[in-house]
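J.: Sequence below, structure please.
(one chain, ligands or ions: 2)
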Amino acid sequence: MNVVLFGPPGAGKGTQAKELSKHYDIPHISTGDILRANVAEGTDLGKKAAEYMNKGELVPDEVLIGIIKNRIAEPDCKSGYLLDGYPRTVPQADALSDILKDINMPLEVVLNIAVPDEELVIRLAGRYSCKCGESYHIKFNPPKEAGICDVCGKELYQRDDDKEEVIRQRLVSYKRNTQPLIDYYEKAGLLVNIEGAGEIDEVFGQIINVLDQYK
Ligand code: ADP
Ligand code: AMP
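T.: Ligands and ions are numbered 1, 2, ... in the order given. So this is what the prediction gives:
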């Protein structure tokens with residue numbers, strides 16, 4: 001199953017991808033998680049990426065294309081992949097299509113998770129993340145023990161880019177650079193719209209109704 005989870009920041013891509021990855025036993029590839037791991041390790045890539053991420057801007061395409069090319073070539077992707085946060089620009093989408101053609105694993109479906117802007121701001125401002133990749137919401141999806149990850153027991157933190165002014169900039173960047181991909185994938189006949197404003201379980205139900213067709 002070869003899937004892109006698409007949508008604005010805060011739409012619930014990571015939350016759904018975690019569950020879908022377990023449900024279908026395919027890897028969840030989040031470019032945001034890969035970049036944050038590089039930032040935490042202080043790699044050259046991480047140092048360069050942090051300059052953009054902290055301002056709510058996109059990291060340059062050539063960096064992201066390199067990351068995704070290497071990740072998709074790893075053996076665990078032989079059974080499929082769930083991309084989260086990539087592609088975010090038309091050049092990234094074009095590059096993805098070339099990469100996937102070379103390995104003969106074309107995209108099957110792009111799930112466009114739609115959520116109104118004001119709801120996105122509330123979700124992102126209340127998000128608590130874990131280094132293991134889990135994310136929680138202080139109100140909508142709290143951990144069992146305040147401030148502690150249910151899965152790995154580590155302390156939760158608020159992302160630097162989940163501050164209101166950076167959130168607004170990320171939404172501007174989404175509209176300018178990323179939203180045009182809705183049309184791009186619609187024309188390619190790959191787009192399926194998901195109503196993302198419901199409860200986490202309801203959204204999951206809608207998604208598996210679609211993805212079960214690709215098992
Ligand atoms: P994305 O990966 O698309 O940026 P996340 O999955 O990290 O978004 O979700 C953003 C925030 O919204 C998190 O705090 C998450 O717990 C919360 N969230 C995700 N889905 C829902 C939902 N359906 N309803 C309410 N809150 C949600
Ligand atoms: P995310 O975790 O998906 O919200 O991404 C966090 C930040 O990482 C974004 O605001 C960008 O700065 C950067 N980023 C993640 N994925 C990409 C991408 N595909 N293209 C450019 N920048 C990205």
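
J.: make it CA atoms for all contacts and neighbour counts henceforth
T.: Fine.

J.: so how far is ligand 1 from the most centrally placed residue in the chain?
T.: Closest to where the C-alpha atoms of the chain average out (C-alpha atoms, centre = their mean) is D84, at 2.9 Å. The gap separating D84 from ligand 1 is 7 Å, by C-alpha to the nearest ligand atom, to the nearest Å.

J.: Spatially, and excluding backbone neighbours, which residue is closest to that residue.
T.: Distances taken as C-alpha to C-alpha, 6 or more residues apart in numbering put S30 closest to D84, at 4.7 Å, once the chain neighbours are dropped.

J.: near ligand 2 at all, stretch 23-38?
T.: Yes. Shown here: stretch 23-38 in contact with ligand 2 (C-alpha under 6 Å from any ligand atom) through T31, G32, D33.

J.: quick one: which of these is nearest ligand 1?
T.: Ranked by distance to ligand 1 (C-alpha to the nearest ligand atom), the residues of stretch 23-38 next to ligand 2 are led by G32 at 8.6 Å.

J.: ok, back up a step: so which of the residues of stretch 23-38 next to ligand 2 are in helices?
T.: T31, G32, D33 (DSSP state H).

J.: Show the pLDDT at the second one.
T.: In this model, G32 is scored at 97, pLDDT.

J.: Could you check how far the closest residue to it other than its chain neighbours is from ligand 2?
T.: What sits nearest to G32 in space, not counting adjacent residues and going by C-alpha to C-alpha, 6+ apart, is G85, at 6.6 Å. Going from G85 to ligand 2 by C-alpha to the nearest ligand atom gives 4 Å.

J.: And for G85, the neighbour number?
T.: 20 (other C-alpha atoms under 10 Å).

J.: The one 4 residues further on now?
T.: Using other C-alpha under 10 Å, T89 is surrounded by 19 other residues.

J.: what about it, distance to L100?
T.: Using C-alpha to C-alpha, to the nearest Å, we find T89 at a distance of 17 Å from L100.

J.: Equivalent analysis for F140, please.
T.: 36 Å.
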